[in-house]
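Chemist: Quick one: sequence plus predicted model below, questions after.
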Amino acid sequence: MSSGYANDPVMANYIQYGFSGVVAKPFRLKDLSASVAHAQRLVQFAKEAREGLERFLLSRRDHCLSLREHYRDGFD
């Protein structure tokens, strides 16, 4: 998020508006670079979290299917 207004409510509460960081004007290359690097780390973290959740859900699904087969076989 970037704005020319220091008192912009979005700048003060950027997380509530869905932004991962702010860079005040005038931009300094060091600040802009750090903000982009932070956003890239957040994207990577979210990707890894999603992949972990998908693996977990698939393992639970497979476990439930296995239990269903086990109990179904017991009633035949």
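Modeler: It's in.
Chemist: Just give me how far the lengthiest helix in the chain sits from the chain centre.
Modeler: Assignment by DSSP state H gives helix 29-75 as the longest helix of the chain. Helix 29-75 sits 11 Å away from the centroid of its parent chain (CA atoms, centre = their mean, to the nearest Å).
Chemist: ditto for stretch 66-76
Modeler: With CA atoms, centre = their mean, you get 38 Å for stretch 66-76.
Chemist: which residues touch that stretch?
Modeler: Stretch 66-76 has contacts (CB atoms under 8 Å, 6 or more residues apart in numbering) with no other residue. Quick note: C-beta positions are derived from backbone N, CA and C, even for glycine.
Chemist: repeat for stretch 9-21
Modeler: Applying CB under 8 Å, 6+ apart, the contact partners of stretch 9-21 are 1, 3, 5, 22, 24, 35, 38, 39, 42.
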